[in-house]
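>>> Everything below, folded, please.
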Amino acid sequence: MTNERNKASEEQMAYAGVLNIGMWLGLAVLVVTFFVYISGVLPSYVPIDDLPKYWTMRVHDFNVALNAPTGWHWTALVGKGDYLNFVGIAMLSGLTILCYIVILPILIRKKDRAYVVIAIAEILVLSLAASGLLKVGGH
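Modelled structure (predicted):
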């Protein structure tokens, strides 16, 4: 016996569907870009053999020593094997925003105003956080 309270709603199913596809796609991108990195098909910004020199450094010291980009500036180095790996990470990081965008029309159609406001707020806050426009902390 299944009662209605145990069934997933339309928006839950849509969110889960996008999350499932996005997770597998992001994982595939991570695996492929990792093999591109370790194979040496693309040159690395930091040579693999030099990595042990930098493992004990603080992030700030690492960035200064290598003149490494911060924030979204890594995108300029996406042609380097080690920075190519960031593409999959960025995809997975943006997945929640995409999920909320997908369910927003469903919530609007259902006239579920409270959840519409929450979904819009989530999209705006997560997008603002991901944009790098807000700088907090010591980085």
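
>>> got the residue ranges for the helices in the chain?
10-39, 51-54, 59-66, 81-84, 86-109, 113-131 (DSSP state H).

>>> Indicate which one of these is closest to residue 45.
Nearest to residue 45 among the helices of the chain is helix 81-84; the distance by C-beta to C-beta comes to 5.3 Å. No exception for glycine: its C-beta is placed from N, CA and C like everyone else's.

>>> what residue ranges in the chain score low on pLDDT?
Low-confidence segments of the chain, defined by pLDDT under 70: 1-4, 135-139.

>>> nearest residue to the residue nearest to the spatial centre of it other than its sequence neighbours?
Centroid check for the chain by C-alpha atoms, centre = their mean gives residue 93 as the closest residue, at 1.7 Å. Leaving aside its sequence neighbours, residue 93 sits nearest to residue 130 (C-beta to C-beta, 6 or more residues apart in numbering; 6.7 Å).
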